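*Asks:* Quick one, fold the following:
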Amino acid sequence: MLESRLRAVRWIVKGRVQGVSFRYFTEQAARELELTGWVQNLTDGSVEVQVAGDEMVLERLRQRLLEGPRFAAVDDIGEDPLDPDQLVRDLGHRGFEIRW
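*Replies:* Okay, the predicted model is just below:
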């Protein structure tokens, strides 16, 4: 049996990712995968995602983000590790949300 490995990451998604419903796409995908975290636009035109969950499920979300919604064009996803317990505590709940 495979052991579940809880992880959290901060992704910076670059490319044509604003004005193409990328945050809504991310929220829907993360909720379908039952992940915890949030997504927001950044002033430089990129999108920030902070998300916690099983590392295999996180990889599934990352693959979906690389494809993105119909009019998006993802050039790169930068990744930094986060503390999963801290991310969940900071949210004060489980689930995934869009930040403004």
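*Asks:* Give me the most central residue, the protein.
*Replies:* residue 49 (3.9 Å; Cα atoms, centre = their mean).
*Asks:* For that residue, give its distance to residue 16.
*Replies:* 16 Å (Cβ to Cβ, to the nearest Å). To be clear about C-beta, it is placed using only N, CA and C from the backbone, and glycine gets the same treatment.
*Asks:* Which helix runs longest in this protein?
*Replies:* Counting residues, the longest helix in the chain under DSSP state H turns out to be helix 55-67.
*Asks:* residue contacts, the residue nearest to the centre of the chain?
*Replies:* Contact analysis of residue 49 by Cβ atoms under 8 Å, 6 or more residues apart in numbering lists 9-13, 26, 37-39, 65.
*Asks:* what's the closest of those residues to residue 56?
*Replies:* Of all those, residue 56 sits closest to residue 9, with 13.1 Å by Cβ to Cβ.
*Asks:* partners of the closest one in the sheet?
*Replies:* Legend: beta-bridge partners of residue 9 under DSSP bridges are residue 51, residue 81.
*Asks:* Going along the chain, name the helices of the chain.
*Replies:* For the chain, helices defined by DSSP H occupy the ranges 22-32, 55-67, 84-91.
*Asks:* by contact count, what packs against the shortest one?
*Replies:* Put plainly, it is helix 84-91. Where contact means 3 or more Cβ pairs under 8 Å, 6 or more residues apart in numbering; DSSP states H and E, helix 84-91 is packed against strand 6-16, strand 36-41, strand 47-54.
*Asks:* what's in contact with that helix?
*Replies:* Helix 84-91 is contacted from outside by 6-8, 36-38, 50-53, 94, 97, using Cβ under 8 Å, 6+ apart.
*Asks:* Next one: the residue nearest to the centre of the chain from residue 40, what distance?
*Replies:* On the measure of Cβ to Cβ, residue 49 and residue 40 end up 8 Å apart.
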